[in-house]
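> got a predicted structure here, sequence first:
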Amino acid sequence: MPDEDKKRVAHLALVDRVLTGEGTASAEDRARAFGNADVPAPLQALIGKVATTPSQVTDADFAAAKAAGFSEDQLFELVVCAAVGQSTRQYEAGLAALAEGQVG
């Protein structure tokens, strides 16, 4: 198997694991965090920052999510989903740009 195919398979396995593997956060919340879409209000600031400006995540973002009833384990899983989702979008955009550059 070519290296690029191995990377693709590994990436798909990671995405599958964070979205459908065992966890304390619901599969629905994990999918929402992964897509950075329709995230419940108490999580919007945290998940939005993880996906777009991770250096701006603050303790207050975590505190607000915890105050809304999310556990530390759930928040960890949701942050991982948001980060993997954003990296997936960037990975796919990069692959598309490479493919577009090779046509012609």
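Thanks, I have it.
> switch to C-alpha atoms for all contacts and neighbour counts from now on
Will do.
> run through this protein and note the low-pLDDT ranges.
Applying pLDDT under 70 to the chain flags residues 103-104.
> and the helices in it?
3-20, 27-35, 41-52, 59-67, 72-102 (DSSP state H).
> OK, contacts around residue 34?
Residue 34 makes contacts with 19, 78, 81, 82, 83, 84, 85, 86, as judged by C-alpha atoms under 8 Å, 6 or more residues apart in numbering.
> from the residues you listed, pick the one nearest residue 27.
The closest of these to residue 27 turns out to be residue 19 (C-alpha to C-alpha; 6.3 Å).
> for that closest one, what are its contacts?
With C-alpha under 8 Å, 6+ apart, residue 19 has these contacts: 27, 30, 31, 34, 81.
> how about those residues in TSV, adding distance to residue 52?
Output for those, formatted as TSV (distance: C-alpha to C-alpha, whole Å):
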residue	distance to residue 52
27	22
30	17
31	17
34	12
81	13
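> kindly indicate which of those lies nearest residue 61.
For residue 61, the closest of those turns out to be residue 81, at 16.3 Å, with distances computed as C-alpha to C-alpha.
> pull up the gap between that closest one and residue 97, please.
The spacing between residue 81 and residue 97, counted by C-alpha to C-alpha, to the nearest Å, is 24 Å.
> neighbour count winner among the two?
Neighbour count, other C-alpha atoms under 10 Å: between residue 81 and residue 97, residue 81 has more, with 27 against 11.
> and that one, how far from residue 101?
As judged by C-alpha to C-alpha, residue 81 and residue 101 stand 30 Å apart.
> swap in residue 14?
27 Å.
> got phi/psi on residue 68?
Backbone torsions for residue 68, taken as degrees, to the nearest 10, come to phi -80, psi 0.
> same deal with residue 2?
Residue torsions, per degrees, to the nearest 10, at residue 2 are phi -60, psi 150.
> and the residue most central in space within the chain, how far is that from residue 100?
The centroid of the chain falls nearest to residue 82 when counting by C-alpha atoms, centre = their mean (2.4 Å). Residue 82 sits 27 Å away from residue 100, going by C-alpha to C-alpha.
> same check, this time on residue 87
To residue 100, residue 87 is 20 Å away according to C-alpha to C-alpha.
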